[in-house]
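**Q** have a look at this fold, sequence not included:
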């Protein structure tokens, strides 16, 4: 059973709105079978991700034109909180 799925995305745009940055990414694509991007594009031929980021370190890390791996792992269900009567 697969526990993690990895995708490769490229930053298309970073827009600075002052209090946050909007980062737009798309799935990498290549017709060249000798390039890593071809392996990713055969599994994920199309994809978009848009994030609004308020953490300056995180938003500065993601640079236009650079590619990044996205690793998806299942998140556990949140533990329900017990509510006590008032």
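**A** Thanks, I have the structure now. Computed from a prediction, not measured in an experiment: that's the story for all the values here.
**Q** what about residue 38, is that helix, strand or coil?
**A** Under DSSP: H, G, I helix; E, B strand; the rest coil, residue 38 falls in the helix class.
**Q** and the nearest residue to it once chain neighbours are set aside, how far from residue 56?
**A** Ranked by Cβ to Cβ, 6 or more residues apart in numbering and with sequence neighbours excluded, the top spatial neighbour of residue 38 is residue 30, at 4.5 Å. In short, each C-beta sits where N, CA and C put it, glycine included. As judged by Cβ to Cβ, to the nearest Å, residue 30 and residue 56 stand 32 Å apart.
**Q** so between these two, which is more surrounded?
**A** residue 30 (14 against 10; other Cβ atoms under 10 Å).
**Q** the more buried one and residue 42 touch, don't they?
**A** No: the criterion here is Cβ atoms under 8 Å, and residue 30 misses it with residue 42 at 9.5 Å.
**Q** where do the contact lists of the two overlap?
**A** Among the neighbours of residue 30, none is also in contact with residue 42 (Cβ atoms under 8 Å, 6 or more residues apart in numbering).
**Q** follow-up on the earlier one: would you say the residue nearest to residue 38 is within a strand?
**A** No: assigned with three-state DSSP, residue 30 falls outside any strand and is coil.
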